[in-house]
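J.: Build the 3D model from these lines:
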Amino acid sequence: MKAKKRPEWKALAMLFALAVAFGSGLALYLHGTPRAEDVKSPVGEGLTGLRETTEASPAAYAPLLSWDRDTQAVVYEIEFATEPDEADEHRIYATRAVYTNHYNAPLREIAGAYLGKQPIYWRVRSIGFDGQPVSRWSKYAALYTSEDEQDYDRPVVFSEYGDGNGTTLLYPVYDWVGIAGAAGYTVELYAGTADDATAGKATLVDTMHADVTEIYDRLPRIGTYAWRVRAVDPSGAYVGEWSAFHEVRAEPSDRWQVAVLGDSISHGGGHYSYSPADFEFSWLAYLDFPAINLSSSGDLASMTRERFERDVLPFHPRYLLIFTGTNSLRAGVDPDDVIDDLEAMKVLALANGIRPIFLTLPPINPTNIAHVFDEPTVDDWQARFARVNAYIRRQACIDDAAAFTTPDGVLPTELALDGLHPDVDGKRLIGEKVNAEWEKATAAAEKQYQSYLDE
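T.: This is a model prediction of the structure:
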């Protein structure tokens, strides 16, 4: 099928790529502290798992603090005091510029007079998008320090690719815990394994830069790569040391039987500040079988179609789950154009011995999209979604949209804070729906493929 030329959507695609793919980290960096209006009462219990120190086992003067992750948090608020109570005279520092459940505390700047002499006390709580607490404060933890302990002087990576369902991405997102006071970061990408890179036997293929503690790779990384990250100061000079090397692998030789092709809903991330490297925000993590993730954040349906041959054919999966079109429809693209893109991908898949299985498009919440991303949604989006979903339901498909209970046809906030990307519970619903309908969907896909061969 010949592709239609729709150049008017190129600029729109770039806006989506920026707003959706980079929205979580970049927007938080730009906004700094979330708005504090309409503060609500805490709804969750106090956070737990705070790093414990003792006089016999102290932390460094620049320690890495940690606590249990709360997937309902957009950011965290951390507070330091000289005594374990809420009296104002004991409070010495507080910040909400904490975007993960780890924090490099700049104790020399905020508590220099107390280091190595007496314990400092700290606590943490979860904060929502509008600045309202969504958990109670944790209990205070004592922070003993010693100049004999090694300072946290290099970024640390906690998300490991290739370690379970949903953790193999063609478009990796590199994220790390930053260093206090860093102005930015440099990421180096090497062709080869992490062991090869550590031994100096891998080739540098790309260098990327970020002002925040994550980078969405702009390119598909077919093969095996190793990456590392280092902080820089305002002049661009390195600060501290390089992180250890970490590996990303998307190898056709691994003979993936199932692949997923789509936009940010499949790429991963959600709740505004979680990226595709936070794997519990990937619906692929809840599948009963392995699948490689070929999705790319920010895709319009036309963009998914344009990269089909480059990104799908090298892996040649038996089954290809296609889940795209949401960004196009909410921006006003004609449903028939989206259907043309889906039909073209179906034909391309069948022509190359691949069995396509479509996923229906869940509803969205335009009010929340506008609130979080400051982006409009066309008024007749529901009719547009219905038309495309009607086409999908005539194909080999999985009706994941039916898994969502949606009053008035709008995606509930509790399933997607930003109105677009389902959060953990929403991603679990998609994964469970795929599992439940997998046998029926693959049977339909095999029948469709046989019919194509018989034509």
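J.: Now do the contacts for the closest residue to residue 381 other than its chain neighbours.
T.: Nearest non-adjacent residue to residue 381, counting by CB to CB, 6 or more residues apart in numbering: residue 330, 5.3 Å away. C-beta here means a position set from N, CA and C on the backbone, and glycine is covered the same way. By CB atoms under 8 Å, 6 or more residues apart in numbering, the contact set of residue 330 is 364, 366, 369, 377, 378, 381, 420.
J.: Report how many residues lie close to the closest residue in space to the fourth one that isn't next to it in sequence.
T.: Counting by CB to CB, 6+ apart, the nearest residue to residue 377 once its immediate chain neighbours are dropped is residue 366, at 3.6 Å. The local packing count at residue 366 equals 20, with neighbours defined by other CB atoms under 10 Å.
J.: Make sure I have this right: residue 328 is in a strand.
T.: No. Assessed with DSSP: H, G, I helix; E, B strand; the rest coil, residue 328 is helix; it does not lie in a strand.
J.: So which bits of stretch 174-183 are buried?
T.: 174, 175, 176, 177, 178, 179, 180, 182 (16 or more other CB atoms under 10 Å).
J.: how about those in a markdown table, adding distance to residue 272?
T.: Listed next are the buried residues of stretch 174-183 as a markdown table, based on distance: CB to CB, whole Å:
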| residue | distance to residue 272 |
| --- | --- |
| 174 | 19 |
| 175 | 15 |
| 176 | 19 |
| 177 | 19 |
| 178 | 18 |
| 179 | 23 |
| 180 | 23 |
| 182 | 22 |
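J.: Restricted to strands, list the residues you listed.
T.: 174, 175 (DSSP state E).
J.: sorry, back to before: relative to residue 444, which of the contacts of residue 330 is nearest.
T.: residue 364 (26.7 Å; CB to CB).
J.: Check the secondary structure at that closest one for me.
T.: When classified by three-state DSSP, residue 364 comes out as coil.
J.: ok now do it, which residues does it touch?
T.: 326, 330, 377, 381, 385, 410, 411, 416, 419, 420.
J.: Swap in 10 Å and give it another go.
T.: 265, 326-327, 329-330, 377, 381-382, 385, 406, 409-411, 416, 418-421 (CB atoms under 10 Å, 6 or more residues apart in numbering).
J.: Buried ones from those, can you make that a PyMOL selection?
T.: If you want just the buried ones from these in PyMOL, going by 16+ other CB under 10 Å, the selection is:
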select buried, resi 265+326+327+329+330+377+381+382+385+410+411+416+418+419+420+421
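J.: Show only the entries of the contacts of residue 364 found in helices.
T.: Those of those mapping onto helices are 265, 326, 327, 329, 330, 381, 382, 385, per DSSP state H.
J.: how close does the first one get to residue 111?
T.: Relative to residue 111, residue 265 is positioned 43 Å away (criterion: CB to CB, to the nearest Å).
J.: how distant is stretch 66-79 from the center of its chain?
T.: Relative to its parent chain, stretch 66-79 has a centroid offset of 16 Å by CA atoms, centre = their mean, to the nearest Å.
J.: residues of it that come out buried?
T.: Within stretch 66-79, judged by 16+ other CB under 10 Å, the buried ones are 66, 67, 69, 70, 72, 73, 74, 75, 76, 77, 78, 79.
J.: Please apply the same query to stretch 352-363.
T.: Across stretch 352-363, burial judged by 16+ other CB under 10 Å covers 354, 355, 356, 357, 358, 359, 360, 361, 362, 363.
J.: Now go through these and say which are in strands.
T.: Judged by DSSP E, the buried residues of stretch 352-363 include 355, 356, 357, 358, 359 as members of strands.
J.: in terms of contact, does residue 189 touch residue 204 like I think?
T.: Yes. When contacts are counted by CB atoms under 10 Å, residue 189 is listed as touching residue 204 (7.4 Å).
J.: got any residues that touch both of those two?
T.: Here residue 189 and residue 204 share the contacting residues 197, 226, scored by CB under 10 Å, 6+ apart.
J.: what about these two, which has more around it?
T.: Legend: neighbour count by other CB under 10 Å for residue 189 and residue 204, higher for residue 189 (23 against 12).
J.: would that one count as being in a helix?
T.: No. According to three-state DSSP, the state of residue 189 is strand, so it is not within a helix.
J.: residues in contact with it?
T.: Contact analysis of residue 189 by CB under 10 Å, 6+ apart lists 172, 174, 197, 202-208, 215, 217, 219, 221, 225-228, 248.
J.: and what of residue 339?
T.: Residue 339 is in contact with 301, 325, 387, 388, 390, 391, 392, counting by CB under 10 Å, 6+ apart.
J.: before we move on, back to that, need the buried ones from the contacts of residue 189 selected in ChimeraX.
T.: Here is the ChimeraX selection string for the buried members of the contacts of residue 189, based on 16+ other CB under 10 Å:
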select :172,174,197,202,208,215,217,221,225,226,227,228,248
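J.: Which of the contacts of residue 189 fall within helices?
T.: Per DSSP H, the subset of those in helices is residue 197.
J.: Strands of the stretch 301-450 of the chain, residue ranges please.
T.: Per DSSP state E, counting those that start in this stretch, the stretch 301-450 of the chain carries strands over the ranges 319-323, 355-359, 397-398.
J.: Residue 141: which of the ones you listed is closest?
T.: Residue 141 lies closest to strand 319-323 among those, at 42.4 Å (CB to CB).
J.: on that earlier part again, of the contacts of residue 339, just say which sits nearest to residue 95.
T.: Nearest to residue 95 among those is residue 325, at 40.1 Å by CB to CB.
J.: List the buried residues in the longest helix along the chain.
T.: Longest helix in the chain by number of residues (criterion: DSSP H): helix 424-454. In terms of neighbour count (16+ other CB under 10 Å), helix 424-454 has its buried residues at 424, 426-434, 437-438, 441-442, 444-445, 448-449.
J.: ok, residue 310 to residue 263 distance?
T.: From residue 310 to residue 263 the distance is 16 Å (CB to CB).
J.: so residue 185 sits right up against residue 207, yeah?
T.: No. Residue 185 lies out of contact with residue 207 (CB under 10 Å); the separation is 11.2 Å.
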